[in-house]
Structure formats: structure tokens, C-alpha cells
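**Q** okay, predicted coordinates and the sequence, questions at the end:
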Amino acid sequence: MDTISVSKLQSDTRLDILISQECEDISRSRAKLLIESGLVLVCGEARTKAGFLVKEGDLVSVSVPEPEIISATPEDLPIDIIYEDKDIAVINKAQGMVTHPASGSPNGTLVNALMFHIKDLSTINGVVRPGIVHRLDKDTSGLIVIAKNDTAHINLSAQIANRTVTREYIAIVNGIIKEDSGKIEAPIGRSKHDRKKMAVISSGRYALTYYSVQERFSSRGKDSYSLVKFNLFTGRTHQIRVHSAHIHHPVAGDLVYGGNAKLKTTAQLLHASRLVFIHPVSGKEMAFSAEIPQNFAEILQDLNKYKI
């Protein structure tokens with residue numbers, strides 16, 4: 001527990017600012033979470049408002065919980081390994097499967113399955129994310145490359161950083177996109193209103209997505225949709241979901257970013273359909289494709305009746 005005695009100069013300072021200034025390794029956003037969780041006492045009384053103003057002589061006590069220790073263990077879960085050699089594997093991840101363990105999902109993840117089915121995995125990302133070079137959201141299906149040793153991991157990571165990896169996605173989005181193709185160039189960062197979401201904000205990191213419309217669907221009395229191919233130039237968290245919402249065509253089924261729930265899907269209709277990279281050891285170009293999952297295909301077949 002950290003204890004702060006408020007000085008005369010600190011009087012009338014916001015509680016979250018005081019904690020971030022006085023406690024090492026606690027950012028203002030984390031201070032806010034601690035306060036709202038009832039882990040901050042002012043003169044022995046819990047204060048749950050980050051904007052509470054402290055006074056000279058106040059004694060502020062901050063309780064910082066011990067970090068949860070997360071480790072990954074092998075689990076016999078079904079996964080679709082579409083390619084494997086001594087250096088890499090390519091997986092067609094199912095919709096609904098988390099990529100790696102975290103506090104909210106310590107097991108049942110792709111990593112747990114990989115540890116059971118694949119003997120060797122790279123260690124660069126530690127015990128929680130062995131082999132994971134890049135990730136897909138839980139409810140995004142499709143292709144992900146896995147590194148089986150650190151040499152392969154370093155090489156693949158460099159290819160992604162240098163933007164030489166082709167990552168192509170297919171999605172159904174709400175509404176009719178008028179342009180046949182285009183780009184969405186807008187910075188992405190953590191939402192200021194909801195820390196679990198990303199958003200287009202001026203202080204965010206550069207992000208660029210290319211798109212091309214494959215089909216359009218509309219019928220009188222029905223909602224309209226577009227089938228869109230997306231190509232990532234950068235790879236920010238939730239990039240396609242945020243960028244498509246930014247142009248007012250959110251991914252169908254993506255309730256987090258404004259997609260409607262009128263189609264028969266439990267999650268966003270977004271699939272990583274094509275992946276192209278250079279093999280980290282042989283130097284050969286590797287290209288992989290994965291068909292959209294059954295539920296996605298059935299929805300698309302139904303929409304084909306309203307093709308325009």
C-alpha cells in the first residue's frame with residue numbers, strides 16, 4: 001500500500017492526478033480505475049470519484065492489487081491447421097476463439113490448443129503467447145501464422161512491421177458503399193469514453209485500410225449491405241471494425257462498433273481470408289486462403305436474393 005501525505009502545494013489537486021504524480025508506475029488512467037474500484041482511501045474513507053479534490057493534511061492510501069499470474073497450459077481443443085513445417089504453422093482460427101490467455105479468458109484459447117497440437121513454439125512473447133506473431137479478435141475468424149522458433153518469430157515480426165505481409169479480410173458491412181474501392185486513412189487510439197474500445201482520434205496511431213466492394217445487397221423493406229474486401233496496410237487493434245464504423249458502414253453483427261444485429265449471426269461478419277508472406281527460413285513466398293465459415297456463407301447466400 002502506498003501512502004501520500006498531501007502538502008500545501010498539493011491542496012485542491014484532483015485525486016487521480018495526485019496518485020499518478022506520487023505513485024511510481026501508476027498512470028492517471030490506472031489511478032482512476034483504482035479509485036473507482038474503492039481501493040483509494042482519503043483519511044480512512046473510500047473515495048470513488050477521480051475528480052475528488054484533496055486538501056492539505058489529507059492522508060491518501062492507495063492499495064494496488066497483486067498482478068494476476070496467467071500461464072498457458074495445453075488443451076485438447078480442435079483447431080484447423082492448414083499448413084505446418086519445422087518453422088511455422090498457419091491456422092484457420094474459428095470465430096469465437098480467443099487468440100491467447102488473458103485475465104478474462106485464461107483457457108480455451110488458440111494458444112492452449114497450439115500447445116497441445118504443436119510441439120515447438122517460439123518463446124519471444126513469453127509463456128502466455130508462445131508462437132503468436134499477430135492476433136485476431138475473438139469473433140474474427142480466419143488465417144493466422146504461428147512461429148515455431150524464435151528465428152522465425154523475429155523474421156515474421158519484421159515483415160509485419162515493414163508492412164510487406166498481405167492480410168486480406170472479407171466482411172459484410174451495413175449499408176451500400178457507393179465507391180467501388182477506396183482507402184480509409186484515420187488514426188486509431190484508445191477511446192476516451194470507453195477504455196475497452198478503440199476509436200478514430202487525433203492523438204491515435206497512424207492507420208490505413210484499403211477496401212474494395214465485391215457485392216451490394218438491397219431490397220424494399222429490407223436493410224442494405226455490402227460485401228467488402230479489406231486489405232490492412234497497418235495493423236492497429238480493431239482496425240477494420242473501427243475504420244468501417246468511421247465511414248458509417250460498420251461490420252454487420254459488430255454491436256461494439258455500431259453494426260446491427262438483424263442478420264443471423266452472434267458476432268461480427270469479418271473473416272481473415274488471405275495471408276501472404278515470405279517464409280522466414282526458405283525465403284519463398286507463401287500464400288494461403290481460407291473460405292468463409294459456414295454461418296457467414298449461409299448469410300451471404302440468403303443476401304444474394306437481394307443483389308443489386
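**A** Thanks, I have the structure now.
**Q** name the nearest residue to residue 61, sequence neighbours excluded.
**A** Excluding the flanking residues, the one nearest residue 61 by C-beta to C-beta, 6 or more residues apart in numbering is residue 41, at 4.3 Å. For glycine as for every other residue, the C-beta is placed from the backbone atoms N, C-alpha and C.
**Q** count the residues that sit near that neighbour.
**A** Using other C-beta atoms under 10 Å, the number of residues around residue 41 comes to 16.
**Q** distance of it from residue 135?
**A** Between residue 41 and residue 135 the computed distance is 38 Å (C-beta to C-beta, to the nearest Å).
**Q** what helices or strands is the helix or strand that contains residue 21 leaning on?
**A** Under the criterion DSSP states H and E, the helix or strand holding residue 21 is helix 15-22. The criterion is 3 or more C-beta pairs under 8 Å, 6 or more residues apart in numbering; DSSP states H and E, and the helices and strands that helix 15-22 contacts are strand 2-5, helix 28-36, strand 40-42, strand 59-62.
**Q** what's near enough to touch the residue nearest to residue 61?
**A** Residue 41 makes contacts with 47, 60-61, as judged by C-beta atoms under 8 Å, 6 or more residues apart in numbering.
**Q** what's the closest of the helices and strands packed on helix 15-22 to residue 247?
**A** Of all the helices and strands packed on helix 15-22, the one in closest proximity to residue 247, counting by C-beta to C-beta, is helix 28-36 (28.4 Å).
**Q** what's the closest one in contact with?
**A** Residues lying outside helix 28-36 but in contact with it, judged by C-beta under 8 Å, 6+ apart, are 15-17, 19-20, 23, 26, 40, 47-50, 52, 62-64, 195.
**Q** return the set of buried residues in it.
**A** For helix 28-36, the neighbour count (16 or more other C-beta atoms under 10 Å) marks 31-32, 34-35 as buried.
**Q** run a quick neighbour tally on residue 219.
**A** When counting by other C-beta under 10 Å, one arrives at 12 neighbours for residue 219.
**Q** residue 211 touches residue 227, doesn't it?
**A** No - using C-beta atoms under 8 Å, residue 211 is not in contact with residue 227, being 10.9 Å away.
**Q** higher neighbour count, the two?
**A** Neighbour tally, residue 211 and residue 227, criterion other C-beta under 10 Å: the higher count belongs to residue 211, 25 against 21.
**Q** quick test: name the residue nearest the centre of this structure.
**A** Among the residues of the chain, residue 237 comes closest to the average C-alpha position under C-alpha atoms, centre = their mean, at 4.2 Å.
**Q** which ones are touching it?
**A** Residue 237 sits next to 188, 198 when contact means C-beta under 8 Å, 6+ apart.
**Q** confirm it sits in a helix?
**A** No - counting by DSSP: H, G, I helix; E, B strand; the rest coil, one finds residue 237 to be coil, located in no helix.
**Q** relative to residue 77, how far out is it?
**A** Taken as C-beta to C-beta, the spacing of residue 237 relative to residue 77 amounts to 24 Å.
**Q** can you check residue 301 too?
**A** Relative to residue 77, residue 301 is positioned 29 Å away (criterion: C-beta to C-beta).
**Q** can you check residue 163 too?
**A** Counting by C-beta to C-beta, the gap from residue 163 to residue 77 is 32 Å.
**Q** picking that back up, what sits opposite the residue nearest to residue 61 in the beta ladder?
**A** residue 46, residue 61 (DSSP bridges).
**Q** could you list the low-pLDDT ranges of the protein?
**A** Regions of the chain meeting the criterion pLDDT under 70 cover residues 1, 66-71, 103-104, 220-221.
**Q** could you export the lengthiest helix in it as CSV, CA atoms only?
**A** The helix spanning the most residues in the chain, taking DSSP state H as the definition, is helix 150-161. Output for helix 150-161, consisting of C-alpha atoms alone and laid out as CSV, is shown next (Å, rounded to 0.1, in the frame of the first residue of the first chain):
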residue,chain,number,x,y,z
ASP,A,150,12.4,-17.5,-32.2
THR,A,151,14.3,-17.1,-35.5
ALA,A,152,11.0,-17.4,-37.5
HIS,A,153,9.2,-15.2,-35.0
ILE,A,154,11.8,-12.3,-35.4
ASN,A,155,11.6,-12.6,-39.2
LEU,A,156,7.8,-12.6,-39.4
SER,A,157,7.5,-9.8,-36.9
ALA,A,158,9.9,-7.7,-39.0
GLN,A,159,7.8,-8.4,-42.2
ILE,A,160,4.7,-7.2,-40.4
ALA,A,161,6.5,-4.2,-39.1
